[in-house]
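Engineer: Build me a structure from this.
(chains A and B)
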Protein chains: 2
Amino acid sequence: MSRVLYELAAADPDRRFSPFCWRIRLALEHKGLAFEGRPWRFTEQDALAFSGSDKVPVLVEDGRAIADSSLIAAHLEAAYPDRPTLFGGAAGLALTRFHAAWTDQVLHPALAPLLLLDIHRHLGEADQAYFRHSREARFGKPLEAVCADRDGQIAILRKTLAPVRAVLRAQPFLGGDAPLYADHAVMGAFLWAHGVGAPDVLEPDDPVAVWRRRMLDRLGEGSRALTLG
Amino acid sequence: MSRVLYELAAADPDRRFSPFCWRIRLALEHKGLAFEGRPWRFTEQDALAFSGSDKVPVLVEDGRAIADSSLIAAHLEAAYPDRPTLFGGAAGLALTRFHAAWTDQVLHPALAPLLLLDIHRHLGEADQAYFRHSREARFGKPLEAVCADRDGQIAILRKTLAPVRAVLRAQPFLGGDAPLYADHAVMGAFLWAHGVGAPDVLEPDDPVAVWRRRMLDRLGEGSRALTLG
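Structural biologist: Purely as a prediction, here's the structure:
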């Protein structure tokens, strides 16, 4: 079977930085499914037109396209039930929506002010223009203003992670003894930061940093090539 | 089997207001387990001494005491596996730690400034002194100062609920099609507010308010008697 994952990339095609694409990359590796990760840029709308989506991730299996990370993850679980589970059953799938929603609505906004200028710096010229325009409209101010007060934002991020930290004090992964999709959802945020070369802002002995190390150690070969160096 | 749940109560013994005790009350009803809910006050340390805990909830089954809501919930799931599940399996148990941690560390602090004075108002004299002293030490200011800016706190609470709201837009309960312990953890916070007669601060068409109605409709008879009127 051919399997292609369209992933957001910077000017350097090996710099993949969408947290939502990372979730699916981790999910595919979790399931042990081979795939080609194909770089895609913000301004390459035409290249996605076939899928009916204007955003990545888009997964294409034998010509069938699925967009939206939550839908792709649910598809992978349903289509490959004999491979390692992403959710641990129907209840786990339902419960994981909260981890994903919290990551989308709380963690990403807490991280964005620490990343937006790094993202911008790594984009090609056309993508830079698109990114600045769309993000400044979303935040209602210049990127530089969103990213001001870096120390304050670091403090906010660390505080935001409190409930994740509490869980990781009690068990090695959000999913328990081994990672589940809930771990991939949160880890996607850190790989977003990693992908644009943002400095690490966690204390090294933070249980979240220790868990992140465990997650990095489990990356598949393809992802490892994208995250080292 | 005798089964007693020690629950935090106000001067009126039918006014039960600990969010952690409510979680266990809901979990016991979820499992269909009969129990006596025994009112306990902050200053009745002696009455709990037998359990080795100085806090409620404490569940006593045939003389065996278990304290701490998370431990009690895990015990109920393990001891009564043939009754309706609270977690939906091992993965669900691990994943639910995040809902509980988020409720403890994010939702409760967002709700507390809207409740502390209502709690104080309903306590007996000795408990009032204990409550004011211990909470003012914890918050580092007078209760009245913690509870100032009510409108601002309402806005914070509504924003804090964003990830719960997002999940409840996609499915009727945090646990999916039916409640799980994750629902009880979050509902405990609302029953804390309800238990001290705090005014409702959600918009009636908020998906969280709609879910809360569904949860109230499912209360067992014993809890219904404590929440009506």
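Engineer: When you work out contacts or count neighbours from here on, use the C-alpha atoms and nothing else.
Structural biologist: Will do.
Engineer: got the residues of chain A near chain B?
Structural biologist: Listed as neighbours of chain B in chain A under the rule Cα under 8 Å from any Cα of the partner chain: A:87-92, A:94-99, A:101-102, A:105-106, A:162-164, A:166-167, A:174-176, A:182.
Engineer: 6 Å instead?
Structural biologist: Proximity of chain A to chain B, by Cα under 6 Å from any Cα of the partner chain, involves residues A:88, A:91-92, A:94-95, A:101-102, A:163, A:175-176.
Engineer: which residue packs closest to residue A:119, ignoring adjacent ones?
Structural biologist: Spatially, and ignoring its direct neighbours in sequence, residue A:119 is nearest to residue A:196 (5.5 Å; Cα to Cα, 6 or more residues apart in numbering or on different chains).
Engineer: For burial, what's the neighbour tally of that neighbour?
Structural biologist: As a burial measure, residue A:196 scores 23 neighbours (other Cα atoms under 10 Å in any protein chain shown).
Engineer: Find me the pLDDT at it, would you?
Structural biologist: Each residue has a pLDDT score; the one for residue A:196 is 93.
Engineer: Residue A:228 now?
Structural biologist: pLDDT at residue A:228 comes out at 66.
Engineer: likewise residue A:166?
Structural biologist: pLDDT recorded at residue A:166 is 98.
Engineer: element containing it, please.
Structural biologist: helix A:162-170 (DSSP states H and E).
Engineer: Buried residues, that helix. List them.
Structural biologist: Buried residues in helix A:162-170, counted by 16 or more other Cα atoms under 10 Å in any protein chain shown: A:162-168.
Engineer: Ok, stretch A:34-42 next?
Structural biologist: Applying a neighbour-count criterion of 16+ other Cα under 10 Å, one finds A:35, A:37-42 buried in stretch A:34-42.
Engineer: Please report how far the residue nearest to residue A:119 lies from residue A:12.
Structural biologist: Residue A:196 sits 11 Å away from residue A:12, taking Cα to Cα, to the nearest Å as the criterion.
Engineer: Following the chain past the helix holding residue A:166, name the next helix or strand.
Structural biologist: Heading C-terminal from helix A:162-170, the first helix or strand you meet, by DSSP H and E, is helix A:181-195.
Engineer: quick one: that following helix to chain centroid distance?
Structural biologist: Its chain's C-alpha centre and that of helix A:181-195 lie 4 Å apart, by Cα atoms, centre = their mean, to the nearest Å.
Engineer: Ok, stretch A:16-35 next?
Structural biologist: For stretch A:16-35, the distance to the chain centre is 9 Å (Cα atoms, centre = their mean).
Engineer: Now that stretch: buried residues?
Structural biologist: Buried residues in stretch A:16-35, defined by neighbour count with 16+ other Cα under 10 Å: A:16-31, A:35.
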